[in-house]
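> With the input below, show me the fold.
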Amino acid sequence: MTTPRTPRRLFRPAAALGALTAAAVTAAVLPAGPAAATGAGSAPAGVRIHDIQGDTRLSPLAGQRVSEVPGVVTGVRPYGSRGFWFQDTTGDGDPATSEGVFVFTGSAPTVEPGDAVLVGGRVDEYTYSGTGSGNQSVTQISGARVSVVSSGNALPAPVVLDSRAVPERYAPEGTGPEGAIDALPLRPQRYALDRYESLEGMNVRVEDARVVGPTSRYHDLWVTIEPRQNRTERGGTRYAGYDEQNSGRVKITSLTPVAERPFPRADTGDVLTGTTEGPLDYDQFGGYLLAARELGEVRSGTLRPERTRPQDRRELAVATYNVENLSPATDAATFDRLAQGIVDHLAAPDIIALEEIQDDSGPTDDGTVTAGRTLRLLTDAIAAAGGPRYAWRGIDPEDRRDGGQPGGNIRNVFLFNPERVSFVDRAGGDATTPTGVVKHRGRAALTHSPGRVAPEDPAWEDSRKPLAGEFRFRGRPVIVVANHFASKGGDQALHARFQPPRRSSEDQRHAQARVVHAFVKDILSVQRTADVVVLGDINDFEFSTTTRLLTGRGVLESAVLSLPRDERYTYVFQGNAQVLDQTLVSPGVRRYDYDIVHLNAEFADQVSDHDPQVLRFRP
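Numbers count the residues shown, from 1 in each chain. This next block holds a predicted model:
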């Protein structure tokens, strides 16, 4: 059941209850006697918080009204979804039933932590983004009547979240045709999601936890309470498979508005020291989180942006970089930082496949599709940073046909250093005309260069089309295909109420992988030893079906698999370091040196949310 959060709150002062004796105050926070019926639509008298929460994800009292539920306030949220949490100080001893719950007030609450309160209202299950999102619901009391019985009470002792507190197994398997877990009895000793749900609304604590997801623009960060769980070489937590969700990840937010206390800036590998304590909450942007009433301090680590080695004179260096909606509307500092990264950290590759180059009007939806100004700003910045004067090749998309930020018309583009490599121009490629493969002097060649790969295929509907280009390095041809596959938008979250969660976006990426695989297969049918590099933002993992479809029958090999496991990641999402960007090579590329250059994803001050990567080989 999904109930809108009605912004109604009637605060009933304690005086309205009449004179309270010490015994009455004690009764407000200790177990009540036998319940008595209170009429249709209302729960029995004497209901406690654990009765509201029940032993599943859905309250057995949802839709009913409760009255004078006792507890002590443990946290107050004066912004966003305004309200407070309160908790029973005794409980029923059942590990499956939470003793805390959120009270939605709609306006800034006037209670404080330590207030003993009696709360009445309607029990709801609120689902962020609606039930269609697949998110779990939050049990809450809305339309609340609140009486403060006393103030200054000790808070309930926190449940310490550490490696002993949360199981390794992440979630139970759901039941029914959709695999819902809502009605399953909670098994907090067996599954991490059940453990977190059994603590929903309760006071919890983490201490000296390593940061695995840097501070975001939304003033949150991610820590791990399982420090050995899939640790990366640089202190993160790697997403290594669909059954390795990393149960120790916990998001940290603050109940103190940023205007009163700035949220700490942290990078991967830093440590959130001391005590961080507050109610365990849930939202759609990561699932269970600690809403910190008390926030620890960040102890900075030694993590620094990586630098790759320069290519030698006989090596061709091919890189890929998602530059995150780059346009003339982007501030000059971002262009300068991207340029500095390309020159100093990527060692000025010979060819760079760029993703998310926007048109010359940026997000303004005015029909513009050209991107010459965007690319001049970037290449000028690279030259000013001491890099080469890159040339570029690309194909303007049709307006509003390639997805991405509305009005931006993002596309893939090649930069290349004409002092090191030449581009083979073959006219005729445009937004809708596909490039093909022919034999030219005994070698595979493109009919259009630059050219798009099957741009009218349904696989690319509302998505970026691959850009193919033919290059020559030291007289030898190399075909490069730049990609930006469909995003994961619409997939259910790891913490979804459906387990396993549905990944509906995969269908389009699978179709896209088949198209690119067929194109490379055509190249190899003309020249078995052709040097082909397929790279870009594949938006899927190295262990995914998308990757298997790309590499099927040995047509391509994913270079990321050449790295040690703890180095395989290009992106950090909700505390999981993961592969989204890939470089794949044909069998003709027999020996290569591949590097993911970690200079963005692990840092709060990032110029893009993706890490670039570079491949060096001798054609």
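> Break down the stretch 251-400 of the chain into its strands, ranges please.
For the stretch 251-400 of the chain, applying DSSP state E, counting those that start in this stretch gives strands covering 271-283, 287-292, 297-299, 316-326, 351-357, 391-394.
> what sits against the closest residue to residue 612 other than its chain neighbours?
Nearest residue to residue 612 in three dimensions, chain neighbours excluded: residue 321, at 3.9 Å (CB to CB, 6 or more residues apart in numbering). Where C-beta positions appear, they are placed from N, C-alpha and C, glycine not excepted. For residue 321, the contacting residues are 338, 342, 346, 352, 353, 354, 355, 608, 610, 612, by CB atoms under 8 Å, 6 or more residues apart in numbering.
> Can you show me the strands along the stretch 451-600 of the chain?
With DSSP E, counting those that start in this stretch, the ranges of strands along the stretch 451-600 of the chain come out as 451-452, 467-473, 476-484, 532-537, 557-558, 571-573, 576-578, 581-585, 592-596.
> which intervals of the stretch 1-150 of the chain have sub-threshold pLDDT?
Within the stretch 1-150 of the chain, the segments meeting pLDDT under 70 span 1-40.
> residue ranges of the strands in it, please?
Taking DSSP E, counting those that start in this stretch as the criterion, the stretch 1-150 of the chain carries its strands at 9-11, 65-77, 83-87, 100-104, 116-127, 137-150.
> returning to what we had before: mind checking how far the residue nearest to residue 612 is from residue 531?
With distances defined as CB to CB, to the nearest Å, the gap from residue 321 to residue 531 amounts to 21 Å.
> rewinding a little: of the strands of the stretch 251-400 of the chain, which is nearest residue 486?
Closest approach to residue 486 among those (CB to CB): strand 351-357, 12.6 Å.
> contacting residues around the closest one?
Applying CB under 8 Å, 6+ apart, the external contacts of strand 351-357 come out as 316-327, 342, 346, 371, 374-375, 390, 394, 404, 410-417, 421, 464, 467, 471, 480, 482-484, 535-537.
> quick revisit: export the strands of the stretch 1-150 of the chain to JSON lines and tack on distance to residue 505 and mean neighbour count?
Putting the strands of the stretch 1-150 of the chain into JSON lines (distance: least, CB to CB, whole Å; neighbours: other CB atoms under 10 Å) gives the following:
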{"stretch": "strand 9-11", "distance to residue 505": "40", "mean neighbour count": "15"}
{"stretch": "strand 65-77", "distance to residue 505": "32", "mean neighbour count": "24"}
{"stretch": "strand 83-87", "distance to residue 505": "34", "mean neighbour count": "27"}
{"stretch": "strand 100-104", "distance to residue 505": "31", "mean neighbour count": "26"}
{"stretch": "strand 116-127", "distance to residue 505": "21", "mean neighbour count": "22"}
{"stretch": "strand 137-150", "distance to residue 505": "23", "mean neighbour count": "22"}
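> Kindly reformat those as a markdown table containing distance to residue 435.
Rendered in a markdown table, the data for the strands of the stretch 1-150 of the chain read as follows (distance: least, CB to CB, whole Å):
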| stretch | distance to residue 435 |
| --- | --- |
| strand 9-11 | 63 |
| strand 65-77 | 55 |
| strand 83-87 | 57 |
| strand 100-104 | 56 |
| strand 116-127 | 46 |
| strand 137-150 | 50 |
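> out of those, nearest to residue 385?
For those, the distance to residue 385 is smallest for strand 65-77, at 44.4 Å, taking CB to CB.
> Going by residue numbers, what spans are helices in this structure?
In the chain, the segments counted as helices under DSSP state H are 22-27, 49-53, 192-198, 332-340, 372-384, 506-526, 545-551.
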